[in-house]
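Trainee: test case, fold it:
(one chain, ligands or ions: 2)
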Amino acid sequence: MKKAVVIGAGQTGRGYLPRFMFENGNYEITLVDKNKALIQLLQEDQAYCIHFYSKDRKPLYIHGIHAYLSDSEEATKAIYEANYVFTSVGEQNLGDVARQLKAGLAGKKKKTIIMTAENGINPGRVLKQHMQEEGIVAEYVISMTAVFCSTVKLDKTRLDILSMNEYYFPFDADAIDTIDFEGAIPVHDFEKFLKRKIYTYNALAGLISYCGYVKGFEVYGDAANDPDISKTMDYLLEDLNPSLEDYFQITKEDEEEFAQRAMKKMKNRDILDFNIKNGRAPKRKLGPTERIMSPMKILMDHHRDYRIMEFVAAAALVYWQERQGLNNEPMLEKSPIETFCELNDLDMDSKIAQDVQYYYEQIMKNRNHVQVLDIIDSKAE
Ligand SMILES: NC(=O)c1ccc[n+]([C@@H]2O[C@H](COP(=O)([O-])OP(=O)(O)OC[C@H]3O[C@@H](n4cnc5c(N)ncnc54)[C@H](O)[C@@H]3O)[C@@H](O)[C@H]2O)c1
Ligand SMILES: O=P(O)(O)OC[C@@H](O)[C@@H](O)[C@H](O)[C@H](O)CO
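Mentor: Numbers count the residues shown, from 1 in each chain. Ligands and ions are numbered 1, 2, ... in the order given. Have a look, this model is predicted:
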């Protein structure tokens with residue numbers, strides 16, 4: 001039996017990753033989380049059910065798992081004994097994970113394969129930097145996967161999950177040769193692969209969730225199918241697709257097909273998802289390497305219209321302003337626009353900052369009746 005620890009027993013950590021190991025049958029699975037209430041439920045039930053959105057797969061009943069609180073003796077021992085450690089905590093939490101790994105890897109001789117299942121352009125590198133800062137000396141390698149599977153928790157149940165029937169499991173093949181998961185696909189230059197995902201799938205996800213949020217939509221599929229937001233997505237892709245083709249040096253067909261797959265997924269109302277969930281962690285998502293600012297810069301560099309991404313940045317700031325202090329969202333210590341400028345090393349009088357501030361004010365001016373394209377069109381290119 002191989003031993004696997006998943007740090008972060010949330011939607012992806014409990015609802016996506018374990019099914020590969022469970023179905024393989026040769027893994028002993030341990031879930032570790034810092035959320036006491038969640039670990040208590042997992043310890044009490046030792047099982048939960050994964051349901052699938054499109055009725056295209058029978059529910060999967062996961063059982064026989066162990067669950068421990070982060071930093072507990074049991075979690076440290078499980079990491080010490082593990083062949084694999086997966087993380088699925090949100091990239092912004094990888095520093096805390098490195099501290100847990102330090103205890104678990106202390107004195108360990110056996111090699112540990114660590115794999116991040118996080119969004120970001122290179123979460124493996126982020127984790128490695130944190131581990132180096134912690135002074136961890138151990139035999140380990142860090143690989144990554146990219147999660148194309150949408151997963152939500154079923155809040156009316158104790159632990160159950162609703163997810164896509166997704167077997168596509170790309171992994172960073174510059175770090176490891178193979179992994180015995182169904183659907184495992186080796187990918188070289190994983191940062192390029194993740195950038196493509198973040199700048200296409202997640203750029204659209206950012207647009208839908210933040211525009212959906214400021215327009216008052218709770219459900220993601222409703223926002224994606226709103227005519228105003230849907231047209232905004234089409235307009236964005238008219239400029240973004242050719243820019244990404246050139247940026248990644250890929251064919252028109254390749255990028256268009258990738259973007260259309262993303263569009264189809266986002267508009268699929270069977271995939272129940274929420275704008276609050278997809279908009280979470282706006283601090284991470286407003287950062288310079290992420291889904292808003294990187295596509296914006298690529299559009300600028302290709303002399304294309306980037307106003308839509310400026311609007312998305314403004315909508316993300318509204319989300320942050322209104323949701324600070326809720327669900328672990330950090331408090332804004334300065335005004336939204338000052339915070340945005342600090343995150344992206346921009347001057348307050350730069351064109352981007354001025355434009356984002358303009359869109360922010362327009363959203364706030366008519367807060368309950370936001371029309372995305374009308375506001376964008378009210379500002380010349
Ligand atoms: N849910 C999805 O549909 C989806 C899709 C694609 C990518 N992802 C990525 O998967 C990762 C996890 O997302 P999620 O939706 O499962 O989030 P989630 O909030 O459902 O789960 C994250 C879990 O990590 C735990 N956690 C946070 N910091 C921790 C720490 N230091 N130690 C132990 N546990 C910790 C939290 O308590 C929580 O239970 C993110 O990087 C996200 O970008 C999720
Ligand atoms: O918002 P994040 O990046 O923490 O988590 C990602 C998901 O909620 C979602 O954005 C998916 O990555 C997206 O649906 C992929 O197609």
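Trainee: show me which residues of the chain sit near ligand 2.
Mentor: 90, 119, 148, 150, 201, 202, 205, 265, 277, 278, 280, 281 (Cβ under 6 Å from any ligand atom). The way it works is simple: take the backbone N, C-alpha and C, and place the C-beta from them, glycine included.
Trainee: from the stretch 251-381 of the chain, which residue is nearest to ligand 2?
Mentor: residue 278 (4.6 Å; Cβ to the nearest ligand atom).
Trainee: sorry, slip of the keys, the one I care about is the chain.
Mentor: For the chain, Cβ to the nearest ligand atom, closest residue to ligand 2: residue 119, 3.5 Å.
Trainee: rewinding a little: the residue of the stretch 251-381 of the chain closest to ligand 2 belongs to a strand?
Mentor: No - Residue 278 is assigned helix when assessed by DSSP: H, G, I helix; E, B strand; the rest coil, not a strand.
Trainee: sorry, back to before: ok, the residue of the chain closest to ligand 2 touching residue 195?
Mentor: No - with contact defined as Cβ atoms under 8 Å, residue 119 and residue 195 do not form a contacting pair (11.4 Å).
Trainee: just to revisit the earlier point, what subset of the residues of the chain next to ligand 2 is also close to ligand 1?
Mentor: Answer for those near ligand 1 (Cβ under 6 Å from any ligand atom): 90, 119, 150.
Trainee: for the second one, what are its contacts?
Mentor: Meaning residue 119. Residue 119 is in contact with 91, 147, 197, 198, 202, counting by Cβ atoms under 8 Å, 6 or more residues apart in numbering.
Trainee: and the furthest pair within those?
Mentor: 91 and 197 (13.4 Å; Cβ to Cβ).
Trainee: next, format the contacts of residue 119 as a markdown table and append secondary structure.
Mentor: Compiled in a markdown table, those are given as follows (three-state DSSP):
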| residue | secondary structure |
| --- | --- |
| 91 | helix |
| 147 | coil |
| 197 | helix |
| 198 | helix |
| 202 | helix |
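Trainee: which of those residues lies closest to residue 238?
Mentor: Distances from residue 238 to the contacts of residue 119, taken by Cβ to Cβ, are shortest for residue 202, at 18.8 Å.
Trainee: which ones are touching the closest one?
Mentor: 119, 290, 291.
Trainee: same check on residue 142?
Mentor: Applying Cβ under 8 Å, 6+ apart, the residues near residue 142 are 114, 115, 116, 124, 127, 128, 131, 175.
Trainee: let's see it at 7 Å
Mentor: 114, 116, 124, 127, 128, 175 (Cβ atoms under 7 Å, 6 or more residues apart in numbering).
Trainee: centre-most residue in this structure?
Mentor: residue 119 (3.7 Å; Cα atoms, centre = their mean).
Trainee: residue 93 belongs to a strand?
Mentor: No - assigned with three-state DSSP, residue 93 falls outside any strand and is helix.
Trainee: number of residues surrounding it?
Mentor: 18 (other Cβ atoms under 10 Å).
Trainee: follow-up on the earlier one: dihedrals phi and psi, the nearest residue in space to the residue of the stretch 251-381 of the chain closest to ligand 2 that is not next to it in sequence?
Mentor: Nearest residue to residue 278, sequence neighbours excluded (Cβ to Cβ, 6 or more residues apart in numbering): residue 209, at 3.6 Å. Here is the backbone geometry of residue 209 (degrees, to the nearest 10): phi -70, psi -40.
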